[in-house]
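Asks: quick one, fold the following:
(one chain, ligands or ions: 1)
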Amino acid sequence: MIASFGGSGRPPTPRTARFTVRLAVLATTVALGAVGVAVSATPSSAAACNGYVGLTFDDGPTGNTGALLSVLRANNVRATMFNVGQNVQGNQSAARAQVDAGMWVANHSWNHSHMTSMSQSQMQSDLSQTNSAIQSATGVRPQLFRPPYGETNSTLQSVASSLGLRQVIWDVDSQDWNGASVSQIVSNAGRLQAGQVILMHDGIQNTRDAIPQIMANLNSRSLCPGMISPSTGRAVAPDGTPTTPPTGTPTTPPAGGGCTATATYPNVWGDRYNTSVTVQGAGNWTVVVAVTAPQKITTTWNGTASWDSSGYVMTMRSNGSGNTFGFTTMMNGNSGARPQIRSCTAS
Ligand SMILES: [Zn+2]
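Replies: The predicted structure is shown next:
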């Protein structure tokens, strides 16, 4: 029970089954609370998560990545690794080990330069080269980007965005890069609030030594390590995928919404495709569309889009541009899935 609740990479759980699991864990927690001393023997993963925080480790992979991953695994932590492209190219097996250990891999530039002094085309090639190195080493296409030193500007952000990368800075700086002691790192991490992200680094002994105490502090506050949402840049539950995997052909929405929406795919490229959705039966409408992770919608047109916290479910509202809207979806390694239209509502 406990293992399945905290497990990584499990398939999407049907809504009813997941609800049952939550209730059972809650019951376990209450029962243990009643006997007092038994609580201290309870694995930390049994704690309910009242919020998620993003633990991030920059500048790897390094010669110490294996040691870091061991500590993270031992403490049941999944974290986001902002990798430097040339380090990945020089140590592909360490980058693969990150993914094998359940970590999320992200883009931290090719060689950690001050990117704001680059031209737009230099930024573009730097980030593309890094994405390619990470993808070829791990099979995962990065969706997050952290600029070296946290230095950014609007050009860099738009280049990142054009490559399907969400920029993520940090809310809390552990100061591990600045010689912080273990207790200082633990104390800095103690400021983390739900949804926030902390900056730490691969290759620093004090950082590795701080992780058990950081986790004890988070557990005491019912905060759990989560993933960083590519749509919001905030920490969310690790299984931020749609509850119903939308696969196969597009579906028509349930009756009663007041309109119907039909999808076609006018353009399909090697790495992405366009979807065109035509609404019938309403002039003002709201259409909900879901894509299958790791596919991701990057661009939309002829409507006003918003996303849920998972980043995979888009709500599109008419904006006076007619009854056909569209969007571009990056395949991110999944070339077969197509979006699912969940509902069409007249308004
Ligand atoms: Zn860095």
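Asks: near the ion, which residues of the chain are found?
Replies: Residues of the chain found near the ion (C-beta under 5 Å from the ion) are 58-59, 148. Backbone N, C-alpha and C define where each C-beta goes, glycine included.
Asks: can you tell me which of the residues you listed are in helices?
Replies: Counting by DSSP state H, none of the members of the residues of the chain next to the ion fall within helices.
Asks: which element is residue 112 on?
Replies: Per DSSP states H and E, residue 112 falls between elements, in no helix or strand.
Asks: surely it is in contact with residue 147?
Replies: No. At 9.8 Å, residue 112 does not count as touching residue 147 under the criterion of C-beta atoms under 8 Å.
Asks: which one of those two has more residues nearby?
Replies: Comparing residue 112 with residue 147 by other C-beta atoms under 10 Å, the one with more neighbours is residue 147, at 25 against 16.
Asks: leaving out sequence neighbours, find the closest residue to that one.
Replies: Nearest residue to residue 147, sequence neighbours excluded (C-beta to C-beta, 6 or more residues apart in numbering): residue 115, at 5.5 Å.
Asks: hmm, the one you found is touching residue 130, no?
Replies: No. Between residue 115 and residue 130 there is no contact under C-beta under 8 Å: 11.0 Å.
Asks: joint contacts of these two?
Replies: Counting by C-beta atoms under 8 Å, 6 or more residues apart in numbering, the common neighbours of residue 115 and residue 130 are residue 109.
Asks: neighbour count: those two, which is higher?
Replies: residue 130 (27 against 23).
Asks: pretty sure the more buried one sits against residue 89.
Replies: No. Applying C-beta under 8 Å, one finds residue 130 not in contact with residue 89, separated by 9.2 Å.
Asks: in the stretch 201-347 of the chain, what residue spans correspond to strands?
Replies: Counting by DSSP state E, counting those that start in this stretch, the stretch 201-347 of the chain has strands at residues 223-225, 227-228, 235-236, 260-268, 272-280, 285-290, 296-301, 304-307, 313-317, 324-330, 340-346.
Asks: which residues sit in contact with the residue nearest to residue 147?
Replies: 109, 123, 126, 147-148, 151-152, 156.
Asks: count of residues packed around the residue in the chain that the ion sits nearest to?
Replies: Distance from the ion to each residue of the chain (C-beta to the ion) is smallest for residue 58, at 4.0 Å. Neighbour count of residue 58, defined by other C-beta under 10 Å: 22.
Asks: same check on residue 280?
Replies: What residue 280 shows, counting by other C-beta under 10 Å, is a neighbour count of 11.
Asks: do the same with residue 119
Replies: Residue 119: 9 neighbours (other C-beta under 10 Å).
Asks: ok, the residue lying closest to residue 150 once chain neighbours are set aside - contacts?
Replies: Once flanking residues are discounted, residue 150 sits nearest to residue 169: 5.0 Å by C-beta to C-beta, 6+ apart. Residue 169 makes contact with 146-147, 150, 152, 197, according to C-beta under 8 Å, 6+ apart.
Asks: before we move on, the earlier item: now the residue lying closest to the residue of the chain closest to the ion once chain neighbours are set aside, what's its secondary structure?
Replies: Leaving aside its chain neighbours, residue 58 sits nearest to residue 82 (4.5 Å; criterion: C-beta to C-beta, 6+ apart). Following DSSP: H, G, I helix; E, B strand; the rest coil, the label given to residue 82 is strand.
Asks: surely residue 82 and residue 107 touch.
Replies: Yes. Taking contacts as C-beta under 8 Å, residue 82 lies within contact range of residue 107: 7.1 Å.
Asks: would you mind measuring from residue 281 to residue 323?
Replies: 9 Å (C-beta to C-beta, to the nearest Å).
Asks: these two: which has the busier surroundings?
Replies: The neighbour count for residue 281 versus residue 323, taken as other C-beta under 10 Å, is higher for residue 323 (18 against 13).
Asks: quick check on the more buried one: phi, psi?
Replies: In terms of degrees, to the nearest 10, the main-chain angles of residue 323 are phi -110, psi 10.
Asks: quick one: contacts for residue 53?
Replies: Residue 53 touches 192-198, 218, 223-226, 235, counting by C-beta under 8 Å, 6+ apart.
Asks: again, only using 7 Å
Replies: Residues near residue 53 by C-beta atoms under 7 Å, 6 or more residues apart in numbering: 192, 194, 196, 198, 218, 223, 225-226, 235.
Asks: what about burial for those residues, which qualify?
Replies: Buried subset of the contacts of residue 53 (neighbour count, 16 or more other C-beta atoms under 10 Å): 192, 194, 196, 198, 218, 223, 225-226, 235.
Asks: Throw the residues you listed into CSV and include pLDDT and distance to residue 207, thanks.
Replies: Converted to CSV, the buried ones among the contacts of residue 53 look like this (pLDDT from 0 to 100; distance: C-beta to C-beta, whole Å):
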residue, pLDDT, distance to residue 207
192, 98, 15
194, 98, 22
196, 98, 18
198, 98, 11
218, 98, 15
223, 97, 18
225, 97, 15
226, 97, 19
235, 98, 18
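Asks: in JSON lines: the residues you listed, plus distance to residue 260.
Replies: Formatted as JSON lines, the buried ones among the contacts of residue 53 follow (distance: C-beta to C-beta, whole Å):
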{"residue": "192", "distance to residue 260": "46"}
{"residue": "194", "distance to residue 260": "39"}
{"residue": "196", "distance to residue 260": "42"}
{"residue": "198", "distance to residue 260": "46"}
{"residue": "218", "distance to residue 260": "47"}
{"residue": "223", "distance to residue 260": "43"}
{"residue": "225", "distance to residue 260": "42"}
{"residue": "226", "distance to residue 260": "37"}
{"residue": "235", "distance to residue 260": "37"}
